[in-house]
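# Next input, structure requested:
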Amino acid sequence: MTTLQKLSLGYFVALMIAASLNYVPGLTDEDGLAFGIFALDTYDDALHVASALWALVAGMLSHRAARSFLILFGLAYLGDGVFGFFTGYGYLDLGIFTNASAGIDLSLPRFLANLPHLALGGIAVWAGFRNAGQTA
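Reported below is the predicted structural model:
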(Lines give C-alpha, C1' and ligand atoms only; values in the text may rest on other atoms or scores of the structure.)
Protein backbone atom coordinates (compact mmCIF):
# COMPACT_ATOMS: atom_id res chain seq x y z
CA MET A 1 0.00 0.00 0.00
CA THR A 2 1.43 3.36 -1.02
CA THR A 3 1.68 6.51 1.05
CA LEU A 4 -1.17 8.12 -0.89
CA GLN A 5 -3.40 5.11 -0.31
CA LYS A 6 -2.68 5.30 3.42
CA LEU A 7 -3.37 9.04 3.38
CA SER A 8 -6.70 8.42 1.62
CA LEU A 9 -7.62 5.95 4.36
CA GLY A 10 -6.69 8.64 6.91
CA TYR A 11 -9.08 10.99 5.13
CA PHE A 12 -11.78 8.32 5.43
CA VAL A 13 -11.33 8.35 9.21
CA ALA A 14 -11.15 12.17 9.44
CA LEU A 15 -14.28 12.64 7.33
CA MET A 16 -16.24 10.06 9.29
CA ILE A 17 -15.28 11.90 12.48
CA ALA A 18 -16.50 15.15 10.88
CA ALA A 19 -19.79 13.46 9.99
CA SER A 20 -20.26 12.34 13.59
CA LEU A 21 -19.61 15.68 15.33
CA ASN A 22 -23.30 16.55 15.74
CA TYR A 23 -24.00 13.25 17.42
CA VAL A 24 -21.38 13.37 20.19
CA PRO A 25 -22.84 14.92 23.34
CA GLY A 26 -21.08 18.07 24.47
CA LEU A 27 -19.47 19.00 21.15
CA THR A 28 -22.25 21.36 20.12
CA ASP A 29 -23.46 24.39 22.03
CA GLU A 30 -27.04 25.56 22.63
CA ASP A 31 -27.06 27.19 19.16
CA GLY A 32 -26.10 23.91 17.48
CA LEU A 33 -22.56 25.06 16.69
CA ALA A 34 -19.86 22.38 16.80
CA PHE A 35 -17.15 23.56 19.20
CA GLY A 36 -19.09 26.85 19.27
CA ILE A 37 -17.69 27.73 15.83
CA PHE A 38 -19.63 26.19 12.93
CA ALA A 39 -22.96 24.53 12.24
CA LEU A 40 -23.33 21.15 10.58
CA ASP A 41 -26.63 19.79 9.27
CA THR A 42 -27.70 16.48 7.75
CA TYR A 43 -26.67 17.70 4.27
CA ASP A 44 -23.15 18.43 5.59
CA ASP A 45 -23.09 15.03 7.29
CA ALA A 46 -24.12 13.31 4.05
CA LEU A 47 -21.43 15.20 2.13
CA HIS A 48 -18.80 14.14 4.68
CA VAL A 49 -19.93 10.50 4.55
CA ALA A 50 -19.93 10.49 0.73
CA SER A 51 -16.45 12.01 0.70
CA ALA A 52 -15.30 9.48 3.30
CA LEU A 53 -16.59 6.57 1.21
CA TRP A 54 -14.83 8.02 -1.85
CA ALA A 55 -11.61 8.19 0.19
CA LEU A 56 -12.05 4.60 1.39
CA VAL A 57 -12.67 3.20 -2.09
CA ALA A 58 -9.79 5.20 -3.59
CA GLY A 59 -7.42 4.15 -0.82
CA MET A 60 -8.28 0.48 -1.20
CA LEU A 61 -8.29 0.52 -4.99
CA SER A 62 -4.89 1.83 -6.12
CA HIS A 63 -2.21 4.49 -5.90
CA ARG A 64 -3.66 6.21 -8.96
CA ALA A 65 -7.17 6.24 -7.51
CA ALA A 66 -5.86 7.62 -4.21
CA ARG A 67 -3.93 10.34 -6.01
CA SER A 68 -6.99 11.29 -8.06
CA PHE A 69 -9.11 11.41 -4.91
CA LEU A 70 -6.60 13.61 -3.08
CA ILE A 71 -6.31 16.09 -5.93
CA LEU A 72 -10.02 16.32 -6.79
CA PHE A 73 -11.25 16.23 -3.20
CA GLY A 74 -8.50 18.62 -2.16
CA LEU A 75 -9.33 21.19 -4.82
CA ALA A 76 -13.05 21.00 -3.98
CA TYR A 77 -12.57 21.35 -0.21
CA LEU A 78 -9.81 23.95 -0.46
CA GLY A 79 -11.97 26.07 -2.77
CA ASP A 80 -14.91 25.66 -0.42
CA GLY A 81 -12.79 26.87 2.48
CA VAL A 82 -11.59 29.90 0.51
CA PHE A 83 -15.17 30.81 -0.45
CA GLY A 84 -16.27 30.31 3.14
CA PHE A 85 -13.50 32.50 4.49
CA PHE A 86 -14.28 35.38 2.17
CA THR A 87 -18.08 35.13 1.91
CA GLY A 88 -19.16 33.28 5.05
CA TYR A 89 -20.58 30.40 3.00
CA GLY A 90 -19.14 27.59 0.93
CA TYR A 91 -20.34 26.06 -2.31
CA LEU A 92 -20.26 22.37 -1.38
CA ASP A 93 -23.33 22.79 0.81
CA LEU A 94 -24.81 25.26 -1.71
CA GLY A 95 -24.57 28.01 0.91
CA ILE A 96 -23.29 30.62 -1.54
CA PHE A 97 -26.39 30.02 -3.63
CA THR A 98 -28.95 30.07 -0.82
CA ASN A 99 -27.55 32.86 1.40
CA ALA A 100 -26.52 36.43 0.82
CA SER A 101 -22.80 36.96 1.27
CA ALA A 102 -21.83 37.72 4.84
CA GLY A 103 -18.98 39.82 3.45
CA ILE A 104 -15.30 39.69 4.18
CA ASP A 105 -14.56 39.06 7.82
CA LEU A 106 -10.93 38.46 8.74
CA SER A 107 -11.81 37.42 12.28
CA LEU A 108 -10.50 34.38 14.11
CA PRO A 109 -13.95 32.70 14.30
CA ARG A 110 -14.38 32.95 10.50
CA PHE A 111 -10.88 31.53 10.00
CA LEU A 112 -11.49 28.69 12.47
CA ALA A 113 -14.85 27.87 10.87
CA ASN A 114 -13.14 27.35 7.52
CA LEU A 115 -9.86 25.89 8.76
CA PRO A 116 -10.96 22.23 8.42
CA HIS A 117 -11.67 22.64 4.69
CA LEU A 118 -8.62 24.82 4.12
CA ALA A 119 -6.32 22.37 5.90
CA LEU A 120 -7.80 19.10 4.61
CA GLY A 121 -8.04 20.47 1.09
CA GLY A 122 -4.60 22.03 1.09
CA ILE A 123 -2.86 18.94 2.44
CA ALA A 124 -4.67 16.68 -0.02
CA VAL A 125 -3.75 18.82 -3.04
CA TRP A 126 -0.16 19.15 -1.88
CA ALA A 127 0.19 15.40 -1.31
CA GLY A 128 -1.49 14.47 -4.57
CA PHE A 129 0.76 16.68 -6.66
CA ARG A 130 3.91 16.08 -4.62
CA ASN A 131 3.73 12.29 -4.91
CA ALA A 132 2.75 12.20 -8.59
CA GLY A 133 5.15 9.49 -9.67
CA GLN A 134 5.78 7.63 -6.42
CA THR A 135 4.26 4.20 -5.99
CA ALA A 136 5.79 3.11 -2.69
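# quick one: the strands in this structure?
Assigned by DSSP state E, the strands in the chain fall at 33-34, 38-39.
# Backbone dihedrals for the nearest residue to D80 once chain neighbours are set aside, please?
The shortest distance from D80 to any residue other than its chain neighbours is 3.9 Å, reached at G90 (C-beta to C-beta, 6 or more residues apart in numbering). The C-beta positions use only the backbone N, C-alpha and C, and glycine is treated the same way. Backbone torsions for G90, taken as degrees, to the nearest 10, come to phi -100, psi 180.
# cool, N99 as well?
Per-residue torsions, N99: phi -130, psi 150 (degrees, to the nearest 10).
# So it sits against Y89, correct?
Yes. The pair N99 and Y89 qualifies as a contact (C-beta atoms under 8 Å) at a distance of 5.0 Å.
# These two: which is more packed in?
A direct count of neighbours by other C-beta atoms under 10 Å for N99 and Y89 places Y89 higher, at 19 against 12.
# how much space between that one and F111?
Distance, Y89 to F111, by C-beta to C-beta, to the nearest Å: 15 Å.
# Skipping adjacent residues, who's closest to the spatially most central residue of the chain in space?
Nearest to the geometric centre of the chain sits H117, at 4.3 Å (C-alpha atoms, centre = their mean). Distance criterion C-beta to C-beta, 6+ apart; nearest residue to H117, sequence neighbours excluded, is G81 at 3.3 Å.
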